[in-house]
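Peer 1: can't give you the sequence, but here's the structure:
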């Protein structure tokens, strides 16, 4: 039997992340690969209480029945208030669409804004999952010049901006680099977007994970009409609930609601209600600081280990939040080949090359520090550093094998 | 701000079902519109027990963490065994993909099998949600000749069959008509599919709701290599959990897994585990017959009321299972106009025209009998019958208003 596959299905390649996540399931591997939140941060007791409340409060039928595509109304109202207060904006509940994890938001946005050949501006590098979603709608990617502070708005000319269907950007503690876009660049970018009628897709799963609790203004705040803001409960509550949300102008939300209806009718009613009952009375105000503290310590542990063990030819950034450190290896080391060897030594990471839409670079890697306890972080970095040192020596001796 | 919408987003029209579902939320409306399972059938106590088991068995971290895109492994194993036993087939766990409700299956299949202009064969009429999902990938629909027993395989010529990317078909108690494809036609269709390398997308959310418990062989059983089988827990457990599944050849499942990863990473871990713990020890074997009995009674109540009140110019089918009765009105009555009036009399239904891909017919309607108690069924049908009688009289008197 030969199925008549679509061009997009034929073009699919097996995902590097998929294969890697399989490896990290082995318990003896020290995995810096998956961007999995630490299970220590899951509010199990609060989720149990929420479920028991739903049962006793006779909310069970509503939790098990079909629900509105837009999402559970009290959760949308809560989010509008929470985000308006947190970001000093004015968001109405009708501007909020609940989605089945913010990965679904990326898929819906691809559907809504990309025709074959549409120009999509992305950071260099950018989130692999975003590329996977958008690619199905066959855009042309334009990778924007970026440095350790994120994209460089000055280098984006008005023609490129006004020709693009949208820019995809993760301003806070980006996946994969961990970097944060500076205030000045946010202002420049917002101005450029407004001037050129450019839509900004602001993906913000890590914004709450600022170790110092010092939040920079969102692009949505700076250019609300131009911005589609994506948020997630995966990093502050639990990813297995698959709960995210989109905030945008109500007219655009209405289009996205129709696309969501065709995609899965609505996000599960039960998980939405559980999340709502966990968070509605201010739980996150106390919970998020405990996550920041845990991840901040693990980040410091990894930075310390890198400093202690890595050869001087290796460089990395110092994140102020989030889950990731981005490593630059000597140019002649291929991180994918390094991974094959690292796995034999029971250490895993994600090679950087999967995160580039164009102009792929092979000598970088993404390390996630949040799932691994501090003592294992040191152990894993030491193993990686030894491998890199050995590779550097070998490559120096016999440059022909490059 | 003007967003650069994709052609598919521009083409979206507001959905009739959406607007109707809003009306049915008013508690004083007798709604035959939404295909909502009766909340009386939701196994609330069993779901509570399953949740408490997950909590005490220390499964909570797994329920809240990211999980595999394919779905929760024990649930896939359970489904492979259950379906193999029920349908006398041989399905392996790797052939099962868990999805966020079977609506997502339709979206993933559209992504995997439709390019712009691809030919998709559909029943006349067919499920609106299927059309909504597929239309986003811009197929050309070919509506197949169908009668009260479903599509007529003899009327499908080999050229049309071999040119199509797939046929979308609901063989059991179809939405919207309630009809079931006969055994003879299933065999003819399977043969035709095998001969012409035609993919059959067999959507089977209602198959378990056979009032006599007399199951006909699935198309998957008759042509396993050609068939993609879609199942759902929405009608036998609870739709708010948003749990469905796809069964197909493993190679095709692998493509669909990649598309699902880009769509929402995976179906929520918590709902999958809850469902698994509810059903794993044979719960459905006792539960499904209670649903069949309830729905069978409500179907009889509606058929009786139709017989009692409807004018002789109105015809309908007698379903052997499922949730719907399909009504044919006199040709000069427009069901959408009738709905506007019916709503003023606090009765709702879905006009038939939304279910046609081509050659729309306006004088039919879908009645769902499962959510409404028996005494309300009689009351609602009486109101509808009176309206139709009045309309028939008026139209007879002044044919020029047609």
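Peer 2: Structure's in. What do you need? All of these numbers come straight from a predicted model, not from anything done at the bench.

Peer 1: just the helices in the stretch 101-250 of chain A please.
Peer 2: Counting by DSSP state H, counting those that start in this stretch, the stretch 101-250 of chain A has helices at residues A:102-113, A:128-135, A:158-163, A:183-196, A:219-222, A:250-264.

Peer 1: buried ones in the third one?
Peer 2: For helix A:158-163, the neighbour count (16 or more other C-beta atoms under 10 Å in any protein chain shown) marks A:160, A:161 as buried. Every residue, glycine included, has its C-beta placed from N, CA and C.

Peer 1: picking that back up, most tightly packed of the helices of the stretch 101-250 of chain A?
Peer 2: Highest mean neighbour count among the helices of the stretch 101-250 of chain A (mean count of other C-beta atoms under 10 Å in any protein chain shown): helix A:102-113, with a mean of 27.

Peer 1: where does the stretch 251-400 of chain A have low pLDDT?
Peer 2: A:395-400 (pLDDT under 70).

Peer 1: so can I have CSV of the helices of the stretch 101-250 of chain A showing distance to residue B:336?
Peer 2: Formatted as CSV, the helices of the stretch 101-250 of chain A follow (distance: least, C-beta to C-beta, whole Å):
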stretch, distance to residue B:336
helix A:102-113, 28
helix A:128-135, 36
helix A:158-163, 42
helix A:183-196, 42
helix A:219-222, 40
helix A:250-264, 19
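
Peer 1: residues near residue A:81, how many?
Peer 2: Residue A:81: 12 surrounding residues under other C-beta atoms under 10 Å in any protein chain shown.

Peer 1: what's the helix or strand for it?
Peer 2: Secondary structure from DSSP states H and E places residue A:81 in helix A:73-87.

Peer 1: Show me what from the stretch 101-250 of chain A comes close to chain B.
Peer 2: Proximity of the stretch 101-250 of chain A to chain B (C-beta under 8 Å from any C-beta of the partner chain) is limited to residues A:101, A:103-104, A:106-107, A:111-115, A:118, A:129, A:132-133, A:135-137, A:165-166, A:197, A:199, A:225-226, A:234, A:238-242, A:249.

Peer 1: swap the cut-off to 6 Å and go again
Peer 2: A:101, A:103-104, A:107, A:112-115, A:132-133, A:165, A:199, A:225-226, A:238-242 (C-beta under 6 Å from any C-beta of the partner chain).

Peer 1: Who are the contact partners of residue A:133?
Peer 2: Shown in contact with residue A:133 (C-beta atoms under 6 Å, 6 or more residues apart in numbering or on different chains): A:106, A:107, A:110, B:262.

Peer 1: Confidence-wise, which of those residues comes last?
Peer 2: Ranked by pLDDT, the contacts of residue A:133 bottom out at residue B:262, which has 94.

Peer 1: Surely it is in contact with residue A:131?
Peer 2: No: look at residue B:262 against residue A:131 with C-beta atoms under 6 Å: they stay out of range, at 9.1 Å.

Peer 1: Mind jotting down where the strands sit in the stretch 251-400 of chain A?
Peer 2: Here the stretch 251-400 of chain A has its strands, by DSSP state E, counting those that start in this stretch, at A:315-316, A:324-328, A:347-348, A:350-351, A:364-368.

Peer 1: in its sheet, what does the second one sit against?
Peer 2: Put plainly, it is strand A:324-328. Neighbouring strands of strand A:324-328 in its sheet, by DSSP bridges, are strand A:315-316 (antiparallel), strand A:364-368 (antiparallel).

Peer 1: Please identify the deepest-packed of those.
Peer 2: strand A:364-368 (a mean of 25).

Peer 1: before we move on, back to that, Serialize the strands paired with strand A:324-328 to JSON lines and add fields for distance to residue A:95.
Peer 2: Shown next, in JSON lines, are those (distance: least, C-beta to C-beta, whole Å):
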{"stretch": "strand A:315-316", "distance to residue A:95": "38"}
{"stretch": "strand A:364-368", "distance to residue A:95": "32"}
